[in-house]
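Asker: Quick one: sequence and predicted model below, then my questions.
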Amino acid sequence: MTSNDDILRALGRVEGRLTGIEENVALLRQEMSDEKANAHEGRAVIHKRLDEQARQIAHLDTKAAIGGGADAEIRTEIRTLKQTVEKNQEAVGPALEEWKRMKSIGYGISGLIAFAGLTTGGIIAYASDGAVAALRHWLKIS
């Protein structure tokens, strides 16, 4: 038969092993808790990045929609301005042609006046010799 000492010794070993197992279980629980917290933080960072990306994509979509609307509005304005310019050109076209005609007539008149001035100057220069001789004779200057 086994003695009480042997039984107590065996119980001590079992108790020691149980204590070691409890410590190992506590360490495993602590490690699992740390890993769980780290995984939670990692997922939180990933979700934060995904939320930021979704916000940026929504912002870009809004910008693209606004830009498309602005482009359409600008095209409409350009079309309207083009029609206005064409109408104005049709309305002003005859007046411009008349102005060009008056301008060319003005050049012709200016040329005639210049020619008449040159002719008059030439005649005066040619006749000045006779006029100087007549004036000297009249004033009796030799």
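Answerer: Arrived safely, thanks for sending.
Asker: Determine how far the helix or strand where Met32 lies lies from the middle of the whole chain.
Answerer: Here Met32, judged by DSSP states H and E, is contained in helix 4-139. Using C-alpha atoms, centre = their mean, to the nearest Å, the distance from the centre of helix 4-139 to the centre of the chain it belongs to is 1 Å.
Asker: what helices or strands is that helix leaning on?
Answerer: Counting contacts by 3 or more C-beta pairs under 8 Å, 6 or more residues apart in numbering; DSSP states H and E, helix 4-139 is packed against no other helix or strand. (Each C-beta comes from the backbone N, C-alpha and C, glycine too.)
Asker: For that helix, what does the pLDDT average out to?
Answerer: Averaging the model's pLDDT scores along helix 4-139 yields 87.
Asker: Tell me who's in contact with His17.
Answerer: Actually, residue 17 is Arg. It isn't His. With C-beta atoms under 8 Å, 6 or more residues apart in numbering as the criterion, no residue contacts Arg17.
Asker: How much space separates it from Ile57?
Answerer: The spacing between Arg17 and Ile57, counted by C-beta to C-beta, to the nearest Å, is 58 Å.
Asker: can you check Ser110 too?
Answerer: The value you get for Ser110 to Ile57, if C-beta to C-beta is used, is 71 Å.
Asker: Repeat that for Asn38.
Answerer: From Asn38 to Ile57 the distance is 29 Å (C-beta to C-beta).
Asker: mind checking how far Arg49 is from Gly42?
Answerer: In this structure, Arg49 and Gly42 are 11 Å apart, going by C-beta to C-beta.
Asker: ignore the last one, Ala26
Answerer: Distance check for Ala26 against Gly42: by C-beta to C-beta, it reads 24 Å.
Asker: How about Lys87?
Answerer: Lys87 sits 67 Å away from Gly42, taking C-beta to C-beta as the criterion.
Asker: try Ala10
Answerer: Separation of Ala10 from Gly42 (C-beta to C-beta) stands at 47 Å.
Asker: what does Glu73 give?
Answerer: Noted for Glu73: a distance of 47 Å to Gly42, by C-beta to C-beta.
Asker: And the residue nearest to the spatial centre of the chain, how close does it get to Ile74?
Answerer: With distances taken as C-alpha atoms, centre = their mean, Gly67 lies nearest the centre of the chain, 11.1 Å away. According to C-beta to C-beta, Gly67 and Ile74 sit 10 Å apart.
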